[in-house]
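*Asks:* structure for the following, please:
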Amino acid sequence: MRNYRAETSTTNLQRLNQSVQDTQLQLNNALVSASLQSSDSGRQLQAEQASLIEAINKMIELSLNGDEDFRRVADMEVAPAYYILQRHLDEVGGAFHIRAQKRLIELRQVHENALLAQGIGGAIASLVVIIVLRLLIISDRRVHRLARSHEQDALHDSLTGLSNRLHFTRILSEVLNEGEGRDLADSKSASAVALIDMDGFKGINDTFGHLAGDIVLVAVAEILRSCVRPTDLVARLGGDEFAVILRGGPGHRDPEEWAISTAAALRCKVPIDGSEVAISGSVGVSKIEDGDSHNTVSHRADQAMYQAKSAESGAWIFDHLDKKSSPQGASSAELLTELRQLLDSGDPDHEVELNYQARIRVSDGSICGVEVLTRWRHPHRGLLQPEGFMTVALAPPILVAFTSLVIRRVLAELPHLVQIILSSGGSVVHPSIGINIAARALALESLVDLLQSSSGEPTHSLRVEIGQLGEPGETASLEPVVRKLRDNGLGVTLDNFGLGTAELHVMRRWAIDELKIDRCFVIASRTERPDERVLRASAALAHGLGLNAAAQGIESQSVFDLLVEVGFDTVQGHFLARPVPLDALAAELRPVVRRNTMIASPFSQR
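*Replies:* Below is the predicted model:
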């Protein structure tokens with residue numbers, strides 16, 4: 001601007017215009033960068049800039065027109081406006097500088113605080129890392145403890161602390177693998193597997209409660225622990241079923257001796273709530289042979305255990321199974337397997353046959369009912385009598401299935417059966433149809449419900465003849481079952497009286513209505529008569545308890561006369577009527593009725 005005032009040439013004018021444009025552009029850029037366009041300082045700078053530009057333009061205009069007032073305008077308007085603008089720019093720039101210095105100081109403080117925080121943070125981070133590492137170590141140890149605890153829980157029974165089925169299976173597999181390729185024939189060094197089943201355990205649960213059952217299971221576990229070495233394994237497979245792996249080696253007892261002594265140890269009394277409950281168990285043992293699999297040795301031990309239930313010692317070794325054969329030459333194990341397969345198939349060909357034997361009422365010689373007797377018409381062994389297969393039919397694994405099959409067959413034939421008896425001279429409205437059921441089978445609700453069903457004939461035609469009684473602890477649960485049957489109109493007979501040990505207890509507590517003496521007290525040899533004192537006492541005992549006195553196994557007229565004389569109420573036997581199938585029953589009963597009506601003396605004495 002000063003140059004132009006000194007020399008108003010075109011070049012200086014261009015330079016002035018360019019300078020004005022540049023200054024205006026730079027000021028605008030500065031205001032934009034500082035975000036001051038809308039602030040008071042920005043608006044003031046823009047106003048002063050505009051004033052300066054206006055003065056410059058006016059000066060230029062006067063200069064170009066040769067106006068004499070040019071110098072006055074330049075000296076009095078343009079120059080002062082420039083200096084005012086410069087002063088304000090300095091003030092604004094100074095204010096920005098002061099603010100920048102303050103921000104810089106703040107940034108330095110922030111930086112220092114950041115450095116301090118970084119140091120403190122580093123220390124804290126180190127401490128946190130140490131704490132985290134410590135926690136990780138503690139957690140790792142806890143995880144290992146939990147893993148060991150879970151493994152313990154997964155492999156052991158929570159109630160008894162014994163190994164469970166999974167652990168038993170693992171250890172048995174290890175023993176079988178160890179035994180591969182070795183000679184295990186020597187019983188002193190051979191390993192063996194034992195299965196133990198408690199007798200009548202359900203009765204204990206039903207009578208005394210499940211807490212008492214748990215107490216018994218714990219007691220059994222302690223007994224089994226005391227009967228084995230540290231190298232052996234005792235396991236609870238579930239419920240009241242236990243298993244033992246007897247390892248071979250020095251100091252190993254003979255499996256048969258161990259089984260007998262263990263069964264004896266299990267015959268004891270367990271204190272429960274101030275009283276004692278008698279318990280017992282059946283022990284079946286299978287020696288491990290070279291090449292055995294887990295299923296093979298377990299199946300053999302299972303068969304031995306079922307056989308042990310009918311053994312006097314309560315123990316059985318699988319090696320002995322093949323030596324105990326039926327009269328037809330089949331081993332118990334073979335018959336058990338064949339009968340199980342037959343029952344699983346539902347017996348479609350009716351190999352299990354039902355025979356019916358008449359029961360005679362002594363007071364008038366009339367037919368008062370029949371007893372159901374079973375036969376097995378084996379496709380290869382011929383007709384098997386009860387003594388040839390009933391032992392295996394009463395084995396626990398098939399007892400319920402066999403009994404259910406018989407009950408269903410009887411219910412299916414019941415209407416026709418009652419009609420035959422009545423049409424053949426039966427003197428009662430509802431002749432009794434006696435079905436033999438073992439005590440441990442009768443304890444199952446499924447069989448009770450099945451007994452209370454009928455195929456068109458009132459259920460009170462049925463009579464349950466209870467046999468195969470066990471110890472009092474086993475039969476205790478049957479008392480409410482018997483009462484339930486009696487309440488629903490079924491007759492209940494205590495069968496095979498004189499052979500068991502719990503009959504007096506049963507007769508005192510149960511709601512039975514008939515006592516049937518075992519045939520061994522009735523059947524006489526050719527040279528001897530039955531013991532009249534036993535027969536008379538049995539009949540008197542039944543009558544004294546308000547029960548009907550029944551006898552079976554009559555083979556001669558003299559025995560029949562004796563039974564009538566000592567006071568029995570109903571009798572049966574081959575002498576009176578043979579067991580026959582349903583289609584032959586009518587023909588068998590007609591001569592019985594005719595004969596009895598012709599015999600006056602025995603009946604008239606009653």
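*Asks:* got any ranges where the stretch 201-350 of the chain has weak pLDDT?
*Replies:* Low-confidence regions of the stretch 201-350 of the chain, defined by pLDDT under 70, span residues 250-251, 310-312, 319-333.
*Asks:* rerun that using 50 as the cut-off
*Replies:* Judged against pLDDT under 50, the low-scoring parts of the stretch 201-350 of the chain cover residues 320-329.
*Asks:* one more: the stretch 351-500 of the chain?
*Replies:* Low-confidence segments of the stretch 351-500 of the chain, defined by pLDDT under 50, are located at 455-456.
*Asks:* okay, helices next: where are they in it?
*Replies:* Under the criterion DSSP state H, counting those that start in this stretch, the stretch 351-500 of the chain contains helices at 386-393, 396-423, 439-442, 445-451, 472-475, 478-487.
*Asks:* any chance of a markdown table for these, columns distance to residue 557 and mean neighbour count?
*Replies:* For glycine as for every other residue, the C-beta is placed from the backbone atoms N, C-alpha and C. Supplementary listing: those in a markdown table, determined by distance: least, C-beta to C-beta, whole Å; neighbours: other C-beta atoms under 10 Å:
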| stretch | distance to residue 557 | mean neighbour count |
| --- | --- | --- |
| helix 386-393 | 25 | 19 |
| helix 396-423 | 24 | 18 |
| helix 439-442 | 34 | 22 |
| helix 445-451 | 36 | 15 |
| helix 472-475 | 37 | 23 |
| helix 478-487 | 35 | 18 |
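*Asks:* nearest to residue 533, out of those?
*Replies:* Each of the helices of the stretch 351-500 of the chain was checked against residue 533 via C-beta to C-beta, and the shortest separation belongs to helix 472-475, namely 27.1 Å.
*Asks:* circling back: of all the helices of the stretch 351-500 of the chain, which one is nearest residue 367?
*Replies:* With C-beta to C-beta, the closest approach to residue 367 among the helices of the stretch 351-500 of the chain belongs to helix 396-423: 5.9 Å.
*Asks:* what's the angle between that closest one and helix 386-393?
*Replies:* Computed by axes from the mean of the first three to the mean of the last three C-alpha atoms, to 10 degrees, the angle separating helix 396-423 from helix 386-393 equals 130 degrees.
*Asks:* tabulate the helices of the stretch 351-500 of the chain (TSV), appending distance to residue 567.
*Replies:* Formatted as TSV, the entries for the helices of the stretch 351-500 of the chain read as follows, by distance: least, C-beta to C-beta, whole Å:
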stretch	distance to residue 567
helix 386-393	28
helix 396-423	25
helix 439-442	27
helix 445-451	30
helix 472-475	27
helix 478-487	24
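*Asks:* helix, strand or coil: sort out residue 197 for me.
*Replies:* Remark: residue 197 carries the secondary structure label strand [criterion: DSSP: H, G, I helix; E, B strand; the rest coil].
*Asks:* find me the pLDDT at it, would you?
*Replies:* Residue 197 is assigned a predicted lDDT (pLDDT) of 90.
*Asks:* who's it bridged to?
*Replies:* Beta-bridge pairing of residue 197 under DSSP bridges involves residue 241, residue 282.
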